[in-house]
Every structure is written in structure tokens, then in C-alpha cells.
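**Q** Build me a model from this:
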Amino acid sequence: MSSKSLRRRPASISPPVKFTIFSEGKNTEPEYFDAFDKSIKGALVSLTVVKAAGVPKTIATKALEFRKKGRRRALSSFEERDQTWVVFDRDEHDAVKETIDNLSKNSIGVAFRNPCFELWLILHIEDFDRPIDRHAVQKHLETICADYSVRQGKKPDCQRFMAAIETAEGRAVKMNERRVQEGAERQAPWTTVYELTKAIREAAKSGNVAVNG
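**A** The predicted structure is shown next:
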């Protein structure tokens with residue numbers, strides 16, 4: 001046996017797991033996930049946010065078309081790990097349940113919030129369990145986050161939330177469990193953004209280096 005055959009081949013780096021996120025918002029949501037992306041710098045995860053993708057039905061259509069386009073050709077084992085997600089609020093949109101069910105049926109993740117994304121930000125700071133509308137939720141965030149103001153157009157420094165993501169995830173799970181116990185699934189306050197952040201974190205933790213030979 002030659003010395004060449006005994007030589008260990010170098011480690012190969014797996015390509016990043018790609019998350020394509022279709023976002024209803026054009027400011028806070030994309031900035032939050034941009035901060036998240038920076039916080040896991042060095043991990044083999046790639047986040048692409050499609051800003052202001054429209055109302056839930058429109059977002060769903062775009063995500064489904066994107067997913068379908070990717071399935072028209074044979075995917076490598078690495079590409080099969082890639083994920084497509086949509087992020088939107090309840091607001092006054094119609095057919096929300098049908099939209100979520102259709103997306104889930106097509107293996108597209110849904111980071112849903114009722115009433116709004118600010119609810120998810122609040123959970124990074126404290127527990128929250130009041131069934132109020134988005135205006136009241138935004139006003140409450142103003143009282144606990146000095147750099148956020150709806151009327152003045154002040155956006156929060158999303159980097160400050162990164163250290164508390166897992167805490168927010170735990171609070172969201174418990175909050176949703178209370179809604180289920182009440183028979184009020186998806187009613188305010190409710191969010192599944194934690195499912196997306198957890199999926200990204202788990203992908204970032206997964207083995208990034210495969211040793212061959």
C-alpha cells in the first residue's frame with residue numbers, strides 16, 4: 001500500500017444551510033434577522049430576507065413559487081437541508097389559517113405573530129400575556145425599550161436582543177401553551193417566531209466539518 005493511500009484526506013467544509021425568509025415587514029424584521037445573522041457569524045448558515053413581500057396570501061404565493069422553482073431540478077444532499085420560511089402578522093388579514101396550513105403542507109415554515117412582531121421583541125425583555133392589539137403592544141415596547149418609538153419612527157437596536165433569543169423562545173412556548181389550554185390557539189398573544197430562530201440556531205450548531213478518509 002502506498003504512502004499516498006495512507007495519507008488522510010483533508011477535512012471538507014460543508015456548504016452553509018440556506019434560510020430564505022419572506023418577510024411582511026421592510027424594516028424591523030429584516031434588521032432583526034440581519035442582527036441574528038451577524039450574531040452567528042462563522043457558523044455555516046446563510047440568511048436571505050426578502051423584505052416587504054406583501055400580505056400573507058402574497059407572501060405565501062411567493063414562497064411557494066420559490067420552493068417549487070427549487071424543486072424543478074435534482075437537489076444535492078446539502079441543498080435538501082435548505083429551508084424556506086414566511087414571517088407575517090395577524091393584523092386584519094383574511095384566510096390566515098388556510099394560508100398557514102397550505103404553507104406547512106408544502107414544507108414551508110411559518111413564523112406567525114398575533115398581533116405583531118413587536119410581541120416577539122418584548123419576549124426578549126420580559127414575559128407578556130395580555131390579549132391586546134398591535135397598537136397597545138407597540139406602546140408597551142416603547143415603555144421597556146428606550147430606542148424604540150412608533151410615532152418618532154425610532155427602530156430598536158436589534159443587536160441588543162441577540163443575547164436573549166433562547167429566553168424569548170422559552171417564554172413564547174409557555175405563552176402559546178396557555179393559549180392552547182384556553183382553547184384559543186393563534187389568538188393574541190401568540191407567536192411562532194421561536195420556531196424559526198430555533199431552526200437557525202440548530203443549523204448553526206450542526207456539524208460544519210466533515211472529515212474524509
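
**Q** how about low-confidence regions in this protein?
**A** Along the chain, segments meeting pLDDT under 70 span 1-13, 70-79, 91-94, 207-213.

**Q** What count of nearby residues applies to the closest residue to residue 17 other than its chain neighbours?
**A** Excluding its sequence neighbours, the residue lying closest to residue 17 (CB to CB, 6 or more residues apart in numbering) is residue 203, at 4.3 Å. Placement of C-beta: from N, CA and C, glycine included. Using other CB atoms under 10 Å, residue 203 has 21 neighbouring residues.

**Q** Return the distance of the helix or strand harbouring residue 36 from the chain's centre.
**A** Assigned by DSSP states H and E, residue 36 belongs to helix 28-39. Distance of helix 28-39 from the chain centroid (CA atoms, centre = their mean, to the nearest Å) equals 10 Å.

**Q** contacting residues around the helix or strand just after that helix?
**A** Per DSSP H and E, the first helix or strand lying C-terminal to helix 28-39 is strand 45-50. Applying CB atoms under 8 Å, 6 or more residues apart in numbering, the contact partners of strand 45-50 are 16-23, 29-30, 33-34, 36-37, 62, 200, 203-204.

**Q** Pull out the buried residues from the helix ranked longest in the chain.
**A** For the chain, the longest helix by residue count, based on DSSP state H, is helix 165-181. Buried residues in helix 165-181, counted by 16 or more other CB atoms under 10 Å: 165, 168-169, 171-172, 175-176, 179.

**Q** quick one, strands of the protein?
**A** 12-13, 17-23, 45-50, 83-89, 109-114, 190-191, 209-210 (DSSP state E).

**Q** Compare those strands and give me the one nearest residue 128.
**A** Closest to residue 128 of the strands of the chain, according to CB to CB: strand 190-191, at 9.8 Å.

**Q** Against which helices or strands is that closest one packed?
**A** Under the contact criterion of 3 or more CB pairs under 8 Å, 6 or more residues apart in numbering; DSSP states H and E, strand 190-191 touches strand 109-114, helix 165-181.
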